[in-house]
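[1] next comes the sequence, and after it the predicted model I'd like to discuss.
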Amino acid sequence: MKTIQWGFLIVNYLFLGGLSAGLYFVSALATFLYRIEEPSPYTRIARMGAFLAPWPVMVGCGLLIFDLGRWYHFYKLFLHLRLASPMSIGTWLLVFFNLIALINCYAWLTAAQRDRLFQLVPKFLGFLKKLNYDIDHWRRYLAFLGLPLSVGVGIYTGVLLGAVQSRPFWNTNLVAQLFLFSALSTGCAALILGLARSE
Amino acid sequence: MAARTKRYALVIDSKKCINCKACVVACRAEYNVPLTYSRPWIDEETRGTWPKLMAVFQPEQCHHCAHPACVRVCPTGASYQREDGIVVVNESDCVGCRYCMIACPYDARFFREDKGVVEKCDFCVKRLARGQPPACVETCPSKVRIFGDLNDPKSKLAELIAGRQYRLKKPEAGTGPQIYYLM
(Lines give C-alpha, C1' and ligand atoms only; values in the text may rest on other atoms or scores of the structure.)
Protein backbone atom coordinates (compact mmCIF):
# COMPACT_ATOMS: atom_id res chain seq x y z
CA MET A 1 0.00 0.00 0.00
CA LYS A 2 2.11 2.84 -1.27
CA THR A 3 1.02 6.24 -0.04
CA ILE A 4 2.90 9.51 0.20
CA GLN A 5 3.63 10.64 3.73
CA TRP A 6 5.18 13.84 4.97
CA GLY A 7 3.71 16.44 2.66
CA PHE A 8 3.56 20.20 2.54
CA LEU A 9 4.00 20.93 6.25
CA ILE A 10 7.15 18.84 6.62
CA VAL A 11 8.69 20.25 3.45
CA ASN A 12 8.24 23.75 4.83
CA TYR A 13 9.62 22.74 8.18
CA LEU A 14 12.77 21.37 6.54
CA PHE A 15 13.34 24.80 5.00
CA LEU A 16 12.49 26.85 8.10
CA GLY A 17 14.53 24.68 10.45
CA GLY A 18 17.56 24.95 8.20
CA LEU A 19 17.07 28.70 7.87
CA SER A 20 17.15 29.20 11.64
CA ALA A 21 20.12 26.90 12.09
CA GLY A 22 22.08 28.82 9.46
CA LEU A 23 21.17 32.21 10.92
CA TYR A 24 22.23 31.16 14.40
CA PHE A 25 25.46 29.62 13.15
CA VAL A 26 26.54 32.77 11.30
CA SER A 27 25.47 34.98 14.18
CA ALA A 28 27.47 32.88 16.63
CA LEU A 29 30.57 33.04 14.44
CA ALA A 30 30.23 36.83 14.27
CA THR A 31 29.83 36.92 18.05
CA PHE A 32 33.21 35.28 18.46
CA LEU A 33 34.80 37.86 16.19
CA TYR A 34 33.37 41.11 17.55
CA ARG A 35 34.76 43.16 20.46
CA ILE A 36 32.23 44.71 22.81
CA GLU A 37 34.13 47.96 23.34
CA GLU A 38 34.90 48.90 19.74
CA PRO A 39 32.42 49.35 16.87
CA SER A 40 32.97 46.50 14.44
CA PRO A 41 31.14 45.24 11.34
CA TYR A 42 30.55 41.91 13.08
CA THR A 43 28.27 43.52 15.66
CA ARG A 44 25.59 44.20 13.06
CA ILE A 45 25.84 40.69 11.61
CA ALA A 46 25.67 39.03 15.02
CA ARG A 47 22.77 41.20 16.15
CA MET A 48 20.71 40.72 13.01
CA GLY A 49 21.34 36.96 13.07
CA ALA A 50 20.36 36.72 16.73
CA PHE A 51 17.17 38.71 16.12
CA LEU A 52 16.06 36.61 13.16
CA ALA A 53 17.13 33.14 14.32
CA PRO A 54 14.38 31.98 16.75
CA TRP A 55 11.30 32.78 14.67
CA PRO A 56 11.49 30.51 11.59
CA VAL A 57 12.25 27.42 13.66
CA MET A 58 9.38 28.20 16.03
CA VAL A 59 6.97 28.35 13.10
CA GLY A 60 8.58 25.15 11.85
CA CYS A 61 8.02 23.41 15.18
CA GLY A 62 4.37 24.40 14.97
CA LEU A 63 4.18 22.84 11.52
CA LEU A 64 5.80 19.66 12.83
CA ILE A 65 3.31 19.38 15.65
CA PHE A 66 0.31 19.92 13.39
CA ASP A 67 1.58 17.33 10.94
CA LEU A 68 1.24 14.67 13.63
CA GLY A 69 -1.77 12.41 13.41
CA ARG A 70 -2.78 13.44 16.92
CA TRP A 71 -1.12 16.79 17.54
CA TYR A 72 -2.44 16.98 21.09
CA HIS A 73 -0.31 13.91 21.86
CA PHE A 74 2.93 15.62 20.88
CA TYR A 75 4.00 15.75 24.53
CA LYS A 76 4.59 12.00 24.30
CA LEU A 77 7.66 12.76 22.23
CA PHE A 78 9.13 14.38 25.33
CA LEU A 79 8.38 11.44 27.60
CA HIS A 80 10.84 9.30 25.68
CA LEU A 81 14.41 9.59 24.52
CA ARG A 82 15.33 6.93 22.01
CA LEU A 83 18.85 7.45 20.71
CA ALA A 84 18.27 4.98 17.87
CA SER A 85 15.59 7.21 16.39
CA PRO A 86 16.76 10.39 14.63
CA MET A 87 13.34 11.93 15.21
CA SER A 88 13.61 11.53 18.97
CA ILE A 89 17.05 13.15 18.99
CA GLY A 90 15.68 15.90 16.75
CA THR A 91 12.78 16.78 19.03
CA TRP A 92 15.15 17.32 21.94
CA LEU A 93 17.60 19.26 19.80
CA LEU A 94 14.78 21.54 18.66
CA VAL A 95 13.64 22.23 22.21
CA PHE A 96 17.08 23.24 23.39
CA PHE A 97 17.83 25.17 20.21
CA ASN A 98 14.60 27.15 20.54
CA LEU A 99 15.40 28.02 24.14
CA ILE A 100 18.97 29.09 23.45
CA ALA A 101 17.97 31.06 20.36
CA LEU A 102 15.31 32.96 22.30
CA ILE A 103 17.70 33.80 25.15
CA ASN A 104 20.31 34.83 22.60
CA CYS A 105 17.79 37.07 20.87
CA TYR A 106 17.11 38.75 24.23
CA ALA A 107 20.81 39.07 25.00
CA TRP A 108 21.35 41.06 21.81
CA LEU A 109 18.63 43.65 22.54
CA THR A 110 19.99 47.11 23.27
CA ALA A 111 19.03 48.72 26.58
CA ALA A 112 16.48 50.98 24.85
CA GLN A 113 14.90 48.05 23.02
CA ARG A 114 14.69 46.09 26.27
CA ASP A 115 12.89 48.97 27.99
CA ARG A 116 10.43 49.22 25.11
CA LEU A 117 9.81 45.46 25.28
CA PHE A 118 9.03 45.58 28.97
CA GLN A 119 6.66 48.53 28.50
CA LEU A 120 4.45 46.13 26.52
CA VAL A 121 4.04 43.89 29.58
CA PRO A 122 0.50 44.36 30.98
CA LYS A 123 0.10 45.67 34.51
CA PHE A 124 -1.12 42.49 36.21
CA LEU A 125 2.09 40.77 35.01
CA GLY A 126 4.18 43.53 36.58
CA PHE A 127 6.44 41.07 38.35
CA LEU A 128 7.87 40.16 34.92
CA LYS A 129 9.54 43.59 34.81
CA LYS A 130 12.05 42.30 37.32
CA LEU A 131 13.44 40.20 34.46
CA ASN A 132 14.76 43.33 32.75
CA TYR A 133 18.37 42.25 33.16
CA ASP A 134 21.34 43.22 31.10
CA ILE A 135 22.78 39.91 29.90
CA ASP A 136 25.11 41.27 27.24
CA HIS A 137 28.04 39.46 28.81
CA TRP A 138 26.28 36.14 28.17
CA ARG A 139 26.49 36.59 24.41
CA ARG A 140 29.69 34.67 23.93
CA TYR A 141 28.62 31.77 26.18
CA LEU A 142 25.31 31.57 24.35
CA ALA A 143 27.13 31.48 21.02
CA PHE A 144 29.36 28.74 22.36
CA LEU A 145 26.37 26.73 23.62
CA GLY A 146 24.23 27.29 20.57
CA LEU A 147 26.81 26.58 17.89
CA PRO A 148 26.72 22.77 18.28
CA LEU A 149 22.93 22.90 18.67
CA SER A 150 22.54 24.88 15.44
CA VAL A 151 24.76 22.40 13.60
CA GLY A 152 22.63 19.64 15.10
CA VAL A 153 19.37 21.21 13.96
CA GLY A 154 20.84 21.79 10.50
CA ILE A 155 22.15 18.27 10.10
CA TYR A 156 19.54 16.15 11.84
CA THR A 157 16.88 16.67 9.18
CA GLY A 158 19.31 15.14 6.71
CA VAL A 159 20.05 12.29 9.08
CA LEU A 160 16.30 11.81 9.52
CA LEU A 161 15.93 11.14 5.81
CA GLY A 162 19.31 9.47 5.34
CA ALA A 163 18.78 6.89 8.08
CA VAL A 164 15.89 5.27 6.23
CA GLN A 165 17.45 2.24 4.63
CA SER A 166 14.33 1.31 2.69
CA ARG A 167 14.48 4.44 0.45
CA PRO A 168 17.70 3.95 -1.52
CA PHE A 169 17.56 7.45 -3.00
CA TRP A 170 17.84 9.03 0.46
CA ASN A 171 19.95 6.41 2.12
CA THR A 172 23.33 8.07 1.79
CA ASN A 173 25.48 10.03 4.21
CA LEU A 174 25.70 12.86 1.72
CA VAL A 175 22.08 13.84 2.39
CA ALA A 176 23.03 15.01 5.88
CA GLN A 177 25.91 17.11 4.53
CA LEU A 178 23.68 18.53 1.83
CA PHE A 179 21.12 19.61 4.42
CA LEU A 180 23.75 21.17 6.66
CA PHE A 181 25.41 23.22 3.94
CA SER A 182 22.16 24.31 2.36
CA ALA A 183 21.06 25.40 5.86
CA LEU A 184 24.21 27.51 6.25
CA SER A 185 23.82 29.11 2.82
CA THR A 186 20.11 29.85 3.42
CA GLY A 187 21.02 31.44 6.74
CA CYS A 188 23.62 33.65 5.09
CA ALA A 189 21.18 34.68 2.38
CA ALA A 190 18.49 35.57 4.93
CA LEU A 191 21.05 37.55 6.91
CA ILE A 192 22.11 39.54 3.85
CA LEU A 193 18.45 40.27 3.06
CA GLY A 194 17.83 41.36 6.65
CA LEU A 195 20.88 43.63 6.70
CA ALA A 196 19.92 45.18 3.37
CA ARG A 197 16.40 45.89 4.67
CA SER A 198 17.68 47.47 7.89
CA GLU A 199 19.89 49.98 6.09
CA MET B 1 10.99 -29.11 29.93
CA ALA B 2 12.48 -25.63 29.77
CA ALA B 3 10.34 -22.86 28.42
CA ARG B 4 11.19 -22.26 24.77
CA THR B 5 10.81 -18.84 23.22
CA LYS B 6 8.54 -18.76 20.25
CA ARG B 7 9.31 -17.06 16.98
CA TYR B 8 6.22 -16.68 14.88
CA ALA B 9 6.59 -16.59 11.11
CA LEU B 10 4.50 -17.12 8.03
CA VAL B 11 5.06 -19.28 4.98
CA ILE B 12 3.22 -18.19 1.86
CA ASP B 13 2.77 -20.74 -0.88
CA SER B 14 1.92 -18.07 -3.41
CA LYS B 15 1.47 -20.49 -6.31
CA LYS B 16 -1.74 -21.64 -4.65
CA CYS B 17 -3.12 -18.12 -4.34
CA ILE B 18 -6.22 -17.54 -6.48
CA ASN B 19 -6.65 -13.85 -5.60
CA CYS B 20 -9.99 -14.38 -3.89
CA LYS B 21 -9.06 -11.77 -1.25
CA ALA B 22 -10.70 -13.75 1.55
CA CYS B 23 -7.71 -12.91 3.76
CA VAL B 24 -8.25 -9.20 3.21
CA VAL B 25 -11.96 -9.49 4.03
CA ALA B 26 -11.34 -11.63 7.11
CA CYS B 27 -8.79 -9.15 8.43
CA ARG B 28 -11.12 -6.25 7.77
CA ALA B 29 -13.94 -8.00 9.61
CA GLU B 30 -11.66 -8.81 12.53
CA TYR B 31 -10.24 -5.32 12.99
CA ASN B 32 -12.81 -3.02 11.44
CA VAL B 33 -10.28 -1.55 9.03
CA PRO B 34 -11.74 1.12 6.69
CA LEU B 35 -12.24 0.12 3.08
CA THR B 36 -9.48 2.34 1.73
CA TYR B 37 -6.77 0.46 3.64
CA SER B 38 -5.97 -3.10 4.49
CA ARG B 39 -3.39 -4.88 6.56
CA PRO B 40 -2.79 -7.74 4.13
CA TRP B 41 -3.13 -7.20 0.41
CA ILE B 42 -2.38 -9.12 -2.77
CA ASP B 43 0.06 -7.96 -5.40
CA GLU B 44 -1.12 -8.82 -8.88
CA GLU B 45 1.41 -9.06 -11.63
CA THR B 46 1.17 -10.15 -15.24
CA ARG B 47 4.21 -11.82 -16.67
CA GLY B 48 5.10 -12.73 -20.24
CA THR B 49 3.86 -11.40 -23.59
CA TRP B 50 0.58 -12.17 -25.29
CA PRO B 51 -0.51 -14.89 -25.93
CA LYS B 52 1.75 -16.55 -23.38
CA LEU B 53 0.60 -14.73 -20.29
CA MET B 54 0.74 -15.66 -16.66
CA ALA B 55 -0.89 -13.99 -13.68
CA VAL B 56 1.12 -14.01 -10.49
CA PHE B 57 -0.56 -13.30 -7.17
CA GLN B 58 1.58 -12.57 -4.16
CA PRO B 59 -0.05 -12.00 -0.79
CA GLU B 60 1.71 -9.21 1.05
CA GLN B 61 1.62 -7.88 4.60
CA CYS B 62 3.95 -6.93 7.42
CA HIS B 63 7.01 -9.20 7.36
CA HIS B 64 7.58 -9.07 11.13
CA CYS B 65 11.29 -8.57 10.49
CA ALA B 66 14.01 -9.78 12.81
CA HIS B 67 15.51 -6.27 12.92
CA PRO B 68 12.52 -4.05 12.19
CA ALA B 69 13.36 -0.65 10.74
CA CYS B 70 10.02 0.73 11.93
CA VAL B 71 10.87 -0.09 15.55
CA ARG B 72 14.29 1.49 15.28
CA VAL B 73 13.02 4.84 14.00
CA CYS B 74 9.94 5.17 16.22
CA PRO B 75 10.52 8.28 18.38
CA THR B 76 8.21 7.25 21.22
CA GLY B 77 8.71 3.49 21.32
CA ALA B 78 5.09 2.92 20.31
CA SER B 79 6.24 0.36 17.74
CA TYR B 80 7.94 -2.49 19.46
CA GLN B 81 8.81 -6.11 18.96
CA ARG B 82 7.44 -8.73 21.28
CA GLU B 83 9.56 -11.59 22.53
CA ASP B 84 7.90 -13.93 20.07
CA GLY B 85 9.01 -11.73 17.17
CA ILE B 86 5.69 -10.02 16.44
CA VAL B 87 6.01 -6.31 15.70
CA VAL B 88 3.09 -4.38 17.16
CA VAL B 89 2.01 -0.77 17.56
CA ASN B 90 0.91 0.50 20.94
CA GLU B 91 -1.85 2.86 19.85
CA SER B 92 -1.87 4.95 23.00
CA ASP B 93 1.81 5.86 22.56
CA CYS B 94 1.64 6.50 18.82
CA VAL B 95 1.64 10.21 17.97
CA GLY B 96 1.12 9.68 14.25
CA CYS B 97 4.42 11.03 12.95
CA ARG B 98 4.47 8.33 10.21
CA TYR B 99 8.24 7.93 10.30
CA CYS B 100 7.75 4.16 10.56
CA MET B 101 5.75 4.16 7.32
CA ILE B 102 8.64 5.82 5.55
CA ALA B 103 11.13 3.41 7.09
CA CYS B 104 9.20 0.23 6.18
CA PRO B 105 10.67 -1.37 3.04
CA TYR B 106 7.39 -3.21 2.37
CA ASP B 107 5.00 -0.28 2.84
CA ALA B 108 3.10 -2.59 5.16
CA ARG B 109 1.83 0.16 7.44
CA PHE B 110 -0.97 2.60 6.90
CA PHE B 111 -2.16 5.75 8.58
CA ARG B 112 -5.67 5.85 10.03
CA GLU B 113 -6.80 9.43 9.55
CA ASP B 114 -9.86 8.91 11.77
CA LYS B 115 -7.78 7.73 14.72
CA GLY B 116 -4.57 9.58 13.86
CA VAL B 117 -2.42 6.54 14.45
CA VAL B 118 -0.48 4.08 12.33
CA GLU B 119 -1.80 0.55 12.00
CA LYS B 120 -0.33 -2.67 10.77
CA CYS B 121 -0.70 -6.44 10.79
CA ASP B 122 -0.02 -7.88 14.25
CA PHE B 123 -0.44 -11.58 13.41
CA CYS B 124 -3.72 -11.34 15.34
CA VAL B 125 -2.10 -11.31 18.79
CA LYS B 126 -5.54 -11.39 20.41
CA ARG B 127 -6.51 -14.56 18.57
CA LEU B 128 -3.11 -16.11 19.29
CA ALA B 129 -3.67 -15.53 22.99
CA ARG B 130 -6.89 -17.56 22.66
CA GLY B 131 -5.03 -20.31 20.81
CA GLN B 132 -6.51 -19.53 17.40
CA PRO B 133 -4.49 -18.92 14.24
CA PRO B 134 -4.60 -15.46 12.60
CA ALA B 135 -7.85 -14.67 10.78
CA CYS B 136 -6.28 -14.61 7.32
CA VAL B 137 -4.64 -18.00 7.88
CA GLU B 138 -7.82 -19.57 9.13
CA THR B 139 -9.96 -18.29 6.30
CA CYS B 140 -7.67 -18.92 3.31
CA PRO B 141 -9.61 -21.41 1.13
CA SER B 142 -6.62 -22.63 -0.87
CA LYS B 143 -4.29 -22.97 2.16
CA VAL B 144 -1.76 -20.46 0.89
CA ARG B 145 -0.76 -19.28 4.34
CA ILE B 146 0.94 -21.53 6.83
CA PHE B 147 1.48 -19.91 10.19
CA GLY B 148 3.65 -21.32 12.92
CA ASP B 149 6.57 -21.21 15.26
CA LEU B 150 10.02 -21.15 13.66
CA ASN B 151 11.65 -22.49 16.80
CA ASP B 152 9.47 -25.57 16.91
CA PRO B 153 11.12 -28.14 14.61
CA LYS B 154 7.96 -30.26 14.52
CA SER B 155 5.72 -27.52 13.16
CA LYS B 156 4.42 -27.60 9.59
CA LEU B 157 6.12 -24.28 8.99
CA ALA B 158 9.58 -25.43 10.06
CA GLU B 159 9.13 -28.55 7.94
CA LEU B 160 8.29 -26.50 4.84
CA ILE B 161 11.20 -24.11 5.34
CA ALA B 162 13.60 -27.02 5.84
CA GLY B 163 12.33 -29.01 2.88
CA ARG B 164 11.40 -26.52 0.18
CA GLN B 165 13.08 -23.68 -1.62
CA TYR B 166 11.87 -20.27 -0.59
CA ARG B 167 12.44 -16.63 -1.34
CA LEU B 168 12.54 -13.61 0.96
CA LYS B 169 11.42 -10.21 -0.27
CA LYS B 170 13.92 -7.34 -0.24
CA PRO B 171 16.50 -9.01 2.01
CA GLU B 172 18.89 -6.23 0.90
CA ALA B 173 17.01 -3.77 3.14
CA GLY B 174 18.75 -5.53 6.02
CA THR B 175 15.67 -5.98 8.18
CA GLY B 176 15.57 -9.78 8.19
CA PRO B 177 12.01 -10.41 6.90
CA GLN B 178 10.17 -13.42 8.29
CA ILE B 179 7.70 -14.21 5.55
CA TYR B 180 8.88 -17.11 3.46
CA TYR B 181 7.56 -17.31 -0.09
CA LEU B 182 7.79 -20.86 -1.36
CA MET B 183 9.09 -21.27 -4.89
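    Arrived safely. Numbering: from 1, shown residues only, chains lettered A, B, ... in the order given.
[2] is it true that residue A:152 touches residue A:97?
    Yes - contact status for residue A:152 versus residue A:97: in contact at 7.3 Å, counting by C-beta atoms under 8 Å. All C-beta atoms are positioned from the backbone trio N, CA, C, and that covers glycine.
[3] okay, the two: which has more neighbours?
    In this view residue A:152 and residue A:97 are compared by other C-beta atoms under 10 Å in any protein chain shown, and residue A:97 has more residues nearby, 27 against 20.
[4] looking at the host helix or strand of the more buried one now, give me its mean pLDDT.
    Using DSSP states H and E, residue A:97 maps to helix A:86-107. Across helix A:86-107, the average pLDDT comes to 92.
[5] just the buried residues of that helix, please?
    Of the residues in helix A:86-107, A:86-91, A:93-94, A:97-98, A:100-101, A:103-107 count as buried by neighbour count, 16 or more other C-beta atoms under 10 Å in any protein chain shown.
[6] helices along the chain, start to end?
    Picking chain A for this. Ranges of helices in chain A, per DSSP state H, are A:8-33, A:41-52, A:54-67, A:86-107, A:111-119, A:139-162, A:174-198.
[7] look at chain B instead
    B:22-31, B:69-73, B:99-103, B:125-129, B:135-139, B:156-163.
[8] does the first one reach chain A?
    Read it as helix B:22-31. No - taking C-beta under 8 Å from any C-beta of the partner chain as the criterion, helix B:22-31 and chain A are apart, separated by no less than 11.1 Å.
[9] just checking, what packs against that helix?
    strand B:41-47, helix B:135-139 (3 or more C-beta pairs under 8 Å, 6 or more residues apart in numbering or on different chains; DSSP states H and E).
[10] centre of the chain to that helix, how far?
    Computed by C-alpha atoms, centre = their mean, to the nearest Å, the chain-centroid distance of helix B:22-31 equals 13 Å.
[11] how about it, which residues are buried there?
    By neighbour count on 16+ other C-beta under 10 Å, the buried set for helix B:22-31 is B:22, B:23, B:24, B:26, B:27, B:28, B:30.
[12] the residue of chain B found nearest chain A: what's it in contact with?
    Nearest to chain A in chain B, going by C-beta to the nearest C-beta, is residue B:96, at a distance of 1.9 Å. Applying C-beta atoms under 8 Å, 6 or more residues apart in numbering or on different chains to residue B:96 gives the contacts A:68, A:69, A:70, A:73, B:111, B:116, B:117, B:118.
[13] picking that back up, nearest to chain B, of the helices of chain A?
    With C-beta to the nearest C-beta as the criterion, chain B lies closest to helix A:86-107 of those, at 4.0 Å.
[14] can you give me the pLDDT of residue A:22?
    For residue A:22, pLDDT reads 94.
[15] tell me the contacts of it?
    Contacts of residue A:22 (C-beta under 8 Å, 6+ apart): A:150, A:154, A:183, A:184, A:185, A:186, A:187, A:188, A:190.
[16] ok, and the closest non-adjacent residue to it?
    Once flanking residues are discounted, residue A:22 sits nearest to residue A:187: 1.9 Å by C-beta to C-beta, 6 or more residues apart in numbering or on different chains.
[17] around whatever residue of chain A ends up closest to chain B, count how many other residues there are.
    Residue of chain A nearest chain B, by C-beta to the nearest C-beta: residue A:69 (1.9 Å). Neighbours of residue A:69 under the rule other C-beta under 10 Å: 18.
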